[in-house]
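Visitor: Predicted structure and sequence below. I'll ask about it afterward.
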Amino acid sequence: MKELVVISGKGGTGKTSVVAAFAALAGNAALADCDVDAANLHLLLDPQVQESHEFVGGSIAVIDPEKCTSCGLCEELCRFGAAHDCGLNRQGMPAPFEIETVACEGCGVCAHFCPEGAIKMQETVNGQWFISETRHGPMVHARLGIAEENSGKLVSLVREKSREVAASHGCGVIIVDGSPGIGCPVIASLTGAKLALIITEPTLSGLHDLQRISELTKHFGIPAMVSVNKYDLNGDIAERIEGVARDGGMGIGGRVRYDPVFTKAMLHRQSVVEYTDKGASADLRMLWDTVQAQLADSSAQATTTGEGDGK
Ligand code: SF4
Ligand code: SF4
């Protein structure tokens, strides 16, 4: 299965607009929105939810007050300050200890060492994930609960489900809207990808972000291409970015001009290529052609070198 992951060093580079355009151009793609902390692909693709599931991503400690002897070991051991002494009860005896759920990181240390076996780890629901239909194909997306963690786990789940959905719908390619940044969710977004397309902007921070993210793709041995969005806002830096990409062994996907049509298309809940075929839309079409060719190449190489495609 061909898997393209579109990533960026930070949010707001136009990554999701590129994914939506590719979805429209591909015709037969499965889509995965792995930007689970700030998912917004659904705003452009208007998915009709077919399945909705809870995401159980972690656990918290719960103390059984009947068993707790108030020995204080859990408070001593907890590095997150989540286990608390509750003082005396009405009878003037030591009250059972309590866990502050928002502070508990679910490490399980207290449950392991409690001499009375009074602590149990209880699974927690951290968000939801969905399988939907869009006008361009099936889509797997998710919503992480407010202030919830474990986004790396949720991203892995979205990737896994998108492969199943792609297989059951006979899709030729999976297009992934990756998580921004370089942390754990991005690594989860990239795992198993045949090609990473890095979207960046012609700014010094864009240049810096590209250097950081290219180290990541290199480390995981994933072929990468770079596309400078709004390249015409600073042609000099756009060239420097492309120079860094070439020196780092990355391909140049193509440039996309600054165009207010991105905002107009968004207001119409459409991708740019559906809204018009001029300006940035033409750039995106060329970018997709280049990416498709590279994707076919990378997939063929992976098959020849025995990596296979997981099918
Ligand atoms: S370690 Fe167990 S018995 Fe001791 S205070 Fe904590 S919960 Fe109670
Ligand atoms: S599970 Fe870990 S973080 Fe939570 S209360 Fe126990 S020791 Fe602290």
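Guide: All right, it came through fine. Ligands and ions are numbered 1, 2, ... in the order given.
Visitor: For the rest of this, base every contact and every neighbour count on C-alpha atoms.
Guide: Noted.
Visitor: can you count the residues close to residue 129?
Guide: Using other Cα atoms under 10 Å, residue 129 has 22 neighbouring residues.
Visitor: Quick one: list the elements packing against the one helix or strand it maps to.
Guide: Using DSSP states H and E, residue 129 falls within strand 119-134. Applying 3 or more Cα pairs under 8 Å, 6 or more residues apart in numbering; DSSP states H and E, one finds that strand 119-134 contacts strand 48-63, helix 109-113, strand 137-144.
Visitor: part of a strand, is residue 92?
Guide: No: looking at residue 92 with DSSP: H, G, I helix; E, B strand; the rest coil, it is coil, so not inside a strand.
Visitor: So residue 141 sits against residue 30, correct?
Guide: No: Residue 141 is beyond contact range of residue 30, at 11.1 Å (criterion: Cα atoms under 8 Å).
Visitor: which parts of the strand holding residue 129 are buried?
Guide: Neighbour counts over strand 119-134 (16 or more other Cα atoms under 10 Å) mark 119, 120, 121, 126, 127, 128, 129, 130, 131, 132, 133, 134 as buried.
Visitor: I'd assumed residue 54 was in contact with the fifth one.
Guide: In other words, residue 127. Yes: using Cα under 8 Å, residue 127 is in contact with residue 54, at 6.1 Å.
Visitor: from the helices and strands packed on strand 119-134, which stretch is densest packed?
Guide: Among these, strand 137-144 has the highest mean neighbour count (mean count of other Cα atoms under 10 Å), at a mean of 26.
Visitor: you'd agree residue 25 is in a helix?
Guide: Yes: according to three-state DSSP, residue 25 belongs to a helix.
Visitor: residues touching it, list them.
Guide: With contact taken as Cα atoms under 8 Å, 6 or more residues apart in numbering, residue 25 is in contact with 273, 285, 288.
Visitor: Swap in 10 Å and give it another go.
Guide: Counting by Cα atoms under 10 Å, 6 or more residues apart in numbering, residue 25 touches 19, 136, 271, 273, 274, 284, 285, 288, 289.
Visitor: Next: residue 155.
Guide: 32-37, 129, 141-142, 144, 161, 178-179, 184-190.
Visitor: Quickly note the distance from it to residue 216.
Guide: 17 Å (Cα to Cα, to the nearest Å).
Visitor: try residue 240
Guide: 20 Å.
Visitor: Likewise for residue 19?
Guide: 21 Å.
Visitor: Name the residue in those two with the higher neighbour count.
Guide: Each of residue 19 and residue 216 has its neighbours counted (other Cα under 10 Å); residue 19 has more, 27 against 17.
Visitor: Now do the more buried one against residue 138, distance only.
Guide: The gap separating residue 19 from residue 138 is 14 Å, by Cα to Cα.
Visitor: can you check residue 163 too?
Guide: Between residue 163 and residue 138 the computed distance is 11 Å (Cα to Cα).
Visitor: Can you list the residue ranges for helices in the stretch 101-250 of the chain?
Guide: 109-113, 151-169, 184-190, 204-219, 235-247 (DSSP state H, counting those that start in this stretch).
Visitor: before we move on, the earlier item: please enumerate the shared neighbours of residue 141 and residue 30.
Guide: residue 162.
Visitor: one step back: single out the most deeply packed of the helices of the stretch 101-250 of the chain.
Guide: By mean count of other Cα under 10 Å, the helices of the stretch 101-250 of the chain have helix 184-190 as the most buried, with a mean of 23.
Visitor: Which strands or helices does the longest helix seen in the chain pack on?
Guide: With secondary structure taken from DSSP state H, the chain has its longest helix at helix 280-304. Counting contacts by 3 or more Cα pairs under 10 Å, 6 or more residues apart in numbering; DSSP states H and E, helix 280-304 packs against strand 2-7, helix 15-26, strand 195-200, strand 224-229, strand 251-256, helix 261-267, helix 272-275.
Visitor: What's the first helix or strand after the second one?
Guide: Read that as helix 15-26. strand 29-33.
Visitor: low-confidence ranges in this protein?
Guide: Within the chain, the stretches with pLDDT under 70 are 146-150, 182, 299, 301-311.
Visitor: who in it is up against ligand 2?
Guide: Counting by Cα under 6 Å from any ligand atom, the positions of the chain adjacent to ligand 2 are 60-61, 78, 80, 82-83, 99, 104-110.
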